[in-house]
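> give the three-dimensional model of this entry:
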Amino acid sequence: MNVIYCAILIFMPFACFNSCQETQRHAEQSNHDVANNNGTVYYVDGASVNDSNPGTQALPWKTIQKAANTLIAGDTVIVNAGTYNERVVVQNSGSSSSLISFTAQGRVQCQGFTIPYNHHYIKVKGFTVTATQPGWVEDAYGIFVDGTNCIIEDNYAYYCPTGGICASINSANCTIRNNRCNRNAQNGMEIDGVNHLIANNEIWGSITHHTPTNWTPTGDTNGVQYLGSGHIFRGNYIHDISFNDPENQGYSPHIDAFQTFWGGTGPASNVLFERNFINLPEYKADLSSCCHAWTLEGASYLTIRNNIVIAHGGTETGGGNCHHLRIENNTFIGRLDYVIARWPLGISLENCPNTTVKNNIIYNQINYAIYLYGTTYTGLDIGYNCTYNSDGRTPSGSSGAHQTTDLWGVNPQFVNPASNDYHLKSNSPCINAGASISDNTRDYDGNSRPIGAGWDIGADEYNQNGPDGANNLDDKRLIFMNNTPHDRYEIAYAKKP
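Numbers count the residues shown, from 1 in each chain. Presented below is the predicted three-dimensional model:
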């Protein structure tokens, strides 16, 4: 067991958003699946007698750790269904052409995986992991990655003391996709390091207190906590993190879908969030206990686009020292029964200079649809936003929030907001009414932008041929569609079976 120490890293600011986009493209290119494994295939079965077997299908090893001790670049281990009361620590590295792969066959439950520092090109696929060790240690996370160029996919991280999946400050160029993180303390995921791709994961039910180990990490109860730079968060589904959970009651948790702050690796920079679905509408009378989609402190050069957000607060920069944010083509949904004194907000920007706010829909936000304060007005580029309250109340905004290019107080004409269908009807005034944003070429569904004469406002680009997938986002599950070099993470949405 290794104690996790914090380190201070300094990130140089990027001169412009073009540099940000180059970094993001690098992350995508670096996170490709390397060539198929070309080594030996081994087997593990918990019903086996011992680890002295040769590890063949007929005579498998008993423990996963035996495989971790043995596998070298290009090797694969297939772990048969069962419960393995062990924490697996990877011992060797793969290579850029030959991964080391751990693959579950059937339901395989263990106490988690650790990929130590300076261990690279490891793939962990299909495991159910529940860590059992409390504290600020590697063993407290379901899967802890301290290496580079790793792939963590199709795993289920459940009820871990300090977090479901963690990519540490030393990690880089990892792909974390198609995982489910449920009921983990503090964070569903913690993403540090550089240039990670976090795609098509589902995170829900995060808790403050971990009862089995009597461990309360912090007062945070988040979907994702992130630091570092160059990350892409795409197509993730974060939902149902509740103040009413028994392991959140009495702790006044601070709940965010995505949270960053001045931490051990410095604030986050050059991070892209797109096509995520966030459903965290709860709030409490306690001002410190609200659900935000993004809580930002010290963040710079972040792009938040084409997301659907149902939350008490959309963006919150009250932590200060943010700059150069892009908030574009999102759909932010509030509730008419929120209490204004508890400060529900659509887009809130405090002391956040050189920020762009364009092509967003803010719907049923009874307090400020857009709140601007302090140095936010320096270098602010804002307009082409749509705000509307379905009860007829005029939306509120700070001075300068309402521009002549806006559709202020205009019904965006969603298909069926009562069923969480925020596609645009054919008569929506948001169609072709947005600003042109040359590098924003895909909407929430993955449809091309623009389809008509111009960019639409909101997360949906109206398509007269119909959206890709089912309309009811409340029944959404994520599907990994293809794995082509140019567009690896195309997603569609379908109803749960």
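> from here on, just use CA atoms for contacts and neighbour counts.
Will do.
> does Lys125 touch Ile100 like I think?
No. The criterion here is Cα atoms under 8 Å, and Lys125 misses it with Ile100 at 11.1 Å.
> the more surrounded of the two?
Ile100 (27 against 21; other Cα atoms under 10 Å).
> would you confirm that the more buried one contacts Thr70?
No. Ile100 is not in contact with Thr70 according to Cα under 8 Å; the separation is 10.4 Å.
> model confidence over stretch 317-335, on average?
Across stretch 317-335, the average pLDDT comes to 93.
> for that stretch, which positions count as buried?
Within stretch 317-335, the residues that qualify as buried are 317-335, counting by 16 or more other Cα atoms under 10 Å.
> could you tell me the end-to-end distance of that stretch?
Separation of the first and last residues of stretch 317-335 by Cα to Cα, to the nearest Å is 21 Å.
> for it, the distance to its chain's centre please.
Centre-to-centre, stretch 317-335 and its host chain are 15 Å apart (Cα atoms, centre = their mean, to the nearest Å).
> could you do stretch 276-295 as well?
On the basis of Cα atoms, centre = their mean, stretch 276-295 is displaced by 15 Å from the centre of the chain it belongs to.
> may I have that stretch as CSV, with CA atoms only?
This file holds the C-alpha atoms of stretch 276-295, laid out as CSV (Å, rounded to 0.1, in the frame of the first residue of the first chain):
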residue,chain,number,x,y,z
ASN,A,276,-22.3,15.5,-21.7
PHE,A,277,-25.7,15.0,-20.0
ILE,A,278,-26.0,16.3,-16.4
ASN,A,279,-29.1,15.7,-14.4
LEU,A,280,-28.6,17.1,-10.8
PRO,A,281,-31.7,19.3,-10.1
GLU,A,282,-31.7,19.1,-6.3
TYR,A,283,-31.1,21.9,-3.9
LYS,A,284,-31.3,22.6,-0.2
ALA,A,285,-32.0,25.6,2.0
ASP,A,286,-28.4,25.7,3.0
LEU,A,287,-26.5,28.0,0.6
SER,A,288,-23.5,25.7,0.7
SER,A,289,-25.5,22.7,-0.4
CYS,A,290,-26.4,23.2,-4.1
CYS,A,291,-25.9,21.1,-7.2
HIS,A,292,-23.8,22.7,-9.9
ALA,A,293,-22.8,21.4,-13.3
TRP,A,294,-19.4,23.1,-13.2
THR,A,295,-17.7,24.7,-10.1
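> contacts for it next, please.
The contact list for stretch 276-295 (Cα atoms under 8 Å, 6 or more residues apart in numbering) reads 233-243, 252-260, 306-319, 334-335, 338, 342-343, 444.
> domain ranges for the chain?
What automatic domain parsing lists as the domains of the chain is 30-253, 265-482.
> which of these has the lowest average pLDDT?
Note on the domains of the chain: domain 265-482 shows the lowest mean pLDDT, a mean of 89.
> how close does Thr375 sit to Phe277?
Counting by Cα to Cα - Thr375 and Phe277 are separated by 30 Å.
> settle it for me: which of the two has more neighbours?
Ranked by neighbour count (other Cα under 10 Å), Thr375 and Phe277 place Phe277 first, with 25 against 16.
> what bridges to the more buried one?
Beta-bridge pairing for Phe277 (DSSP bridges): Tyr237, Ile308.
> so what's the residue nearest to Thr378 when sequence neighbours are not counted up against?
Nearest residue to Thr378 in three dimensions, chain neighbours excluded: Pro353, at 5.0 Å (Cα to Cα, 6 or more residues apart in numbering). Residues in contact with Pro353 (Cα under 8 Å, 6+ apart) are Cys322, His323, His324, Thr375, Thr376, Tyr377, Thr378, Gly379, Leu380.
> repeat the analysis, applying 6 Å as the threshold.
Under the criterion of Cα atoms under 6 Å, 6 or more residues apart in numbering, the neighbours of Pro353 are His323, Thr375, Thr376, Thr378, Gly379.
> one more: Thr130?
Counting by Cα under 6 Å, 6+ apart, Thr130 touches Gln111, Gly142, Tyr158, Tyr159, Cys160.
> and if we set it to 7 Å?
With contacts defined as Cα atoms under 7 Å, 6 or more residues apart in numbering, Thr130 is in contact with Cys110, Gln111, Gly112, Gly142, Ala157, Tyr158, Tyr159, Cys160.
> in stretch 63-76, what's buried?
Applying a neighbour-count criterion of 16+ other Cα under 10 Å, one finds Thr63, Ile64, Gln65, Lys66, Ala67, Ala68, Leu71, Ile72, Ala73, Gly74, Asp75, Thr76 buried in stretch 63-76.
> what is the end-to-end distance of that stretch?
So stretch 63-76: terminal residues 14 Å apart, Cα to Cα.
> and what of stretch 373-390?
Terminal-residue distance, stretch 373-390 (Cα to Cα): 27 Å.
> cool, stretch 325-336 as well?
First-to-last distance for stretch 325-336 - Cα to Cα - comes to 28 Å.
> contact partners of that stretch?
Taking contacts as Cα under 7 Å, 6+ apart, the residues outside stretch 325-336 that touch it are 300-312, 314, 346, 355-366, 457-459.
> ok now that stretch, how far from the chain's centre?
Worked out by Cα atoms, centre = their mean, stretch 325-336 lies 16 Å from the chain centre.
> check stretch 117-127 too.
20 Å.
> again with stretch 373-386
On Cα atoms, centre = their mean, the centre of stretch 373-386 falls 26 Å from that of its chain.
> how about the residue nearest to Thr378, secondary structure?
coil (DSSP: H, G, I helix; E, B strand; the rest coil).
> now it: how far from Thr375?
5 Å.
> likewise for Ala73?
According to Cα to Cα, Ala73 stands 52 Å off from Thr375.
> now, the contacts of Pro353 that are in strands?
Judged by DSSP state E, the contacts of Pro353 include His323 as members of strands.
> got JSON lines for the contacts of Pro353, with distance to Gly55 too?
Below are the contacts of Pro353 laid out as JSON lines (distance: Cα to Cα, whole Å):
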{"residue": "His323", "distance to Gly55": "54"}
{"residue": "Thr375", "distance to Gly55": "63"}
{"residue": "Thr376", "distance to Gly55": "61"}
{"residue": "Thr378", "distance to Gly55": "64"}
{"residue": "Gly379", "distance to Gly55": "63"}
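> just list whatever residues bridge to the nearest residue to Tyr462 once chain neighbours are set aside.
Leaving aside its sequence neighbours, Tyr462 sits nearest to Leu424 (Cα to Cα, 6+ apart; 5.9 Å). Under the criterion DSSP bridges, Leu424 forms beta bridges with Phe414.
> from what I see, Leu424 and Val415 are in contact.
Yes. At 5.7 Å, Leu424 counts as touching Val415 under the criterion of Cα atoms under 7 Å.
> which of these two has more residues huddled nearby?
Neighbours were counted for Leu424 and for Val415 using other Cα under 10 Å; Leu424 has more, 24 against 16.
> now the more buried one: how far from Asn416?
Counting by Cα to Cα, the gap from Leu424 to Asn416 is 9 Å.
> check Arg234 too.
Counting by Cα to Cα, the gap from Arg234 to Asn416 is 24 Å.
> cool, Pro429 as well?
Distance from Pro429 to Asn416, by Cα to Cα: 16 Å.
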